[in-house]
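Let me see the structure of the following:
(chains A and B)
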Amino acid sequence: MTIYVLRKLAFFVGAVFVASVAIFLLIRGAGGNVAAVVLGKSATPEAINALAHVYGLDRPLPVQYADWISNMLRGDFGRSFRTNESVADLVTARLSISIPLSLSGLILGLLIAIPVGTYAARNVGTPSGAVLALVSQVGVAVPVFWAGILLSLLFGVRLGWLPTGGWTPWSQSVTEALRSLVLPVLSLGLIMAATLIRYVRSAVLDVMNQDYLRTALAVGMTRTQALLHVGLRNAALPLVTIIGLQIAELIGGTVIIETVFSLPGLSRMILANVAAREVIVVQSTVMIIIVFVITVNLLVDLLYGVLDPRVRATR
Amino acid sequence: MSGANALEVHNLVVRHDMLTAVRGLSFALPVGGRMGLVGESGSGKTLTALALMGLLPMGWQADGSVLHDGVDLIRQSDRALAHRRGRTISMVFQDPLSSLDPVRRVGYQVSSVIRRHMKTSRREAERQTIELFRQMSLPRPEQLVRAYPHEISGGQRQRIMIAMALACYPQLIIADEPTTALDVTVQKQVLRLLNGAVEQRGCALLMITHDLPIIAAMCDTVAVMYAGRIVEMGPVGQVFRSPRHHYTRGLLESQPTMDNIALDGSSRLTSIPGMVPPLHSLPTGCAFHPRCAAATEKCVAEVPTLEGGTRRAACWHPVESMAEAAAS
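Numbers count the residues shown, from 1 in each chain, chains lettered A, B, ... in the order given. As a prediction, the model looks like this:
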């Protein structure tokens, strides 16, 4: 187990390094210059170059890279060229929207997907099972923005129960902040559930055909008990992997929902800063997300070892 | 039901849509009796066992009656059946590795059965589990209860399955090819332990196998199945010494013994020509007629019935016994 963890950590460092180089080169390869954005369309090339020099963007790339990385390692994520806000502050502010949004979306998705997927697995070949399979298939095909627009039309415009978009910060009003999150979480959760139902269904279906489930019945469990005690515990193994992947996708992957509901979340911030060629902000923010994603993957791998004694043994 | 039988099966039929895999099976197993059910793969042995347990795979249906402990198992609700399984009737499966829950400790898997049915405390169930492991000659039971199925040998796994089946002192154990997945060297040991435990508890045993020597060693009666029907049954010694059905004789003659394996490598083993018929095209009359040397037109046209008392064979032209053959 120790060797396994060490190997995972080595992989972690390697992945972070490769990712940092890739982001650094990609944002610069995109062309454009923050100095030009700041000075506007009428700026002369001389003026742009002068400002770029102030920002340190005319230095050789390896020097810029080393500078950025060494600052990051010291916990200094840099500052926006235009507003001089620190990246750490920017990200923290945005996370107060993005984290509740994506976590609640995922939890809602799971709360729907686990019972519905299990039900679908138990009713394979019956009309209700077929209807569920069809509904989740349709759900997968529905784009998240369309679900968002429909929900906001119904609850926001038609019924007027909830805001159609916009954001009230937590510090102003917790209830209003919650209200502005309801529809985004609902759309995200429903779309997520559609995908997850299919994974839950196939995982449970697979477990249902295993000999050990028959053994559980043979020693006196009812079908429901066997499914709950033996089935879900075994079906959890593949599901943990899927959930890990979904978490990774959610952080920074909620840009569409944030746009539909005008939420100033992390994804939209990155998008805006890419457009403005705020290289330091983009580099640092994306790096933070990448470290988070790799950490989630590491946790999933470790959790796998906890859930499955066979995995533990081979490590 | 007569109190003297642990199991009474009347006209059991197991079908899946148009396919009928078990076609009217009847037999009785007395309390403490041991019966062997033999036949090639595809003869319906395993489906019979699963039907008795109420564990048929999705889509399969059982008809007839299965009397056990004063009730007809076929007509029991799911819940009532679940309450019996593992308590008055239990089963040992073929492959112990896939039959044990891979993510739970073996001790827990056995003790949870005891707690479920005997309503004992956790401590008491764990104590009984260790005792069961000891009876099954499992090494270091106190440590072994904490092992996961993949950490122990196949023979140990099957002994744990047997311990699980025996845990609540059932009246009947159904063992479906319990040693097929094991190394030859441990087969004998597992069978001896199963035999001893069954004997000690006085529980009835239905042994399903294609391995005739196992039946000869462990059972008092035997039923030979072919294409979903019993073709011959009776006391093991009589059936094996002088089979009346041509299929039974064929099975016995295909068994390798020290006598019919020649040292020069040439084998004098015989085999039954042809194959077990598929379910969707079962022959008319006696299902064995296409493979039988003694078959006549009557065998094609009419289904022979199992006639007689304890010693019965469903054959229009039964094999003559040694005595009759000598007399004629």
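
what is the mean pLDDT for the host helix or strand of residue A:192?
In the assignment (DSSP states H and E), residue A:192 maps to helix A:174-208. Throughout helix A:174-208, pLDDT has a mean value of 87.

Could you do stretch B:8-25 as well?
Stretch B:8-25 comes out at a mean pLDDT of 91.

before we move on, what about stretch B:226-239?
On average, stretch B:226-239 scores 92.

Pull the number of nearby residues for the closest residue to chain A within the stretch 151-300 of chain B.
In the stretch 151-300 of chain B, the residue that lies nearest chain A is residue B:164 (6.2 Å; CB to the nearest CB). C-betas here are computed from N, CA, C, even on glycine. Neighbour count of residue B:164, defined by other CB atoms under 10 Å in any protein chain shown: 28.

what do you get for residue B:150?
With other CB under 10 Å as criterion, residue B:150 counts 15.

Check whether it really touches residue A:312, as I assumed.
No: applying CB atoms under 8 Å as the test, residue B:150 and residue A:312 come out as separate, 10.2 Å apart.

Show me which helix or strand of chain A is least confident by mean pLDDT.
helix A:309-314 (a mean of 73; mean pLDDT, DSSP states H and E).

Mind listing the residues bridging to residue B:25?
Counting by DSSP bridges, residue B:25 is bridged to residue B:12.

Could you list the domains of the chain?
Since no chain was named, I'll use chain A. Residue ranges for each domain of chain A read A:2-73, A:90-275, as given by automatic domain parsing.

nope, chain B please
Split by automatic domain parsing, chain B gives B:5-219, B:243-327.

show me where pLDDT drops low in the chain?
Just so you know, I chose chain A. By pLDDT under 70, the low-scoring segments of chain A are A:1, A:252-253, A:313-315.

You answered for a different chain; I wanted chain B.
For chain B, counting by pLDDT under 70, the residues that fall below are B:1-3, B:257-269, B:321-328.

Can you pull up the residues of it that come close to chain A?
Contacts of chain B with chain A, taken as CB under 8 Å from any CB of the partner chain, map to B:53, B:55, B:58, B:78-79, B:82-87, B:90-91, B:93, B:95, B:98-104, B:113, B:116-117, B:148, B:150-151, B:161, B:164.

Weed out the non-buried ones from these.
Among the residues of chain B next to chain A, those buried by neighbour count (16 or more other CB atoms under 10 Å in any protein chain shown) are B:53, B:55, B:82-87, B:90-91, B:93, B:95, B:98-104, B:113, B:116-117, B:148, B:161, B:164.

List the buried residues of stretch A:85-102.
Across stretch A:85-102, burial judged by 16+ other CB under 10 Å covers A:86-88, A:90-91, A:94-98, A:100-102.

now do stretch A:257-274
A:257-261, A:263-270, A:273-274.

what distance separates that stretch from the centre of its chain?
13 Å (CA atoms, centre = their mean, to the nearest Å).

What sits closest to residue 128 if chain neighbours are left out?
Going with chain A. If the residues on either side of it in the chain are set aside, residue A:128 comes closest to residue A:119, at 7.9 Å by CB to CB, 6 or more residues apart in numbering or on different chains.

Not quite, go with chain B.
Closest to residue B:128 by CB to CB, 6+ apart is residue B:114, at 5.5 Å.

Share the number of residues neighbouring the one you found, please.
Neighbours of residue B:114 (other CB under 10 Å): 23.

What of residue B:121?
Residues near residue B:121, counting by other CB under 10 Å: 10.

Please, where are all the helices along the stretch 101-250 of chain A?
A:127-141, A:144-151, A:174-208, A:211-218, A:223-226, A:232-250 (DSSP state H, counting those that start in this stretch).

closest to residue B:8 out of those helices?
helix A:211-218 (20.8 Å; CB to CB).

Now do the closest one: which elements does it pack against?
helix A:223-226, helix B:96-99 (3 or more CB pairs under 8 Å, 6 or more residues apart in numbering or on different chains; DSSP states H and E).

And the first one, what does it pack against?
The elements that helix A:223-226 packs onto, with contact taken as 3+ CB pairs under 8 Å, 6+ apart, are helix A:211-218.

just to revisit the earlier point, tell me the first helix or strand C-terminal of the one helix or strand the residue nearest to residue B:128 maps to.
In the assignment (DSSP H and E), residue B:114 maps to helix B:106-118. With elements assigned by DSSP H and E, the helix or strand that comes after helix B:106-118 is helix B:122-135.

What's the first helix or strand after that following helix?
helix B:141-144.

can you tell me which residues contact the closest residue to residue A:219 other than its chain neighbours?
Setting aside the residues directly before and after it, residue A:219 is nearest to residue B:86 in space (CB to CB, 6+ apart), at 3.6 Å. Counting by CB atoms under 8 Å, 6 or more residues apart in numbering or on different chains, residue B:86 touches A:218, A:219, A:220, B:113, B:116, B:117, B:164, B:165, B:167, B:168, B:170.

With residue B:63 instead?
Contact partners of residue B:63, counting by CB under 8 Å, 6+ apart, are B:11, B:12, B:13, B:14, B:15, B:74.

Name the residues of whichever strand or helix holds it that are buried.
Element membership for residue B:63, per DSSP H and E: strand B:61-68. Neighbour-count burial for strand B:61-68 flags B:62, B:64, B:65, B:66, B:67, B:68 (criterion: 16+ other CB under 10 Å).
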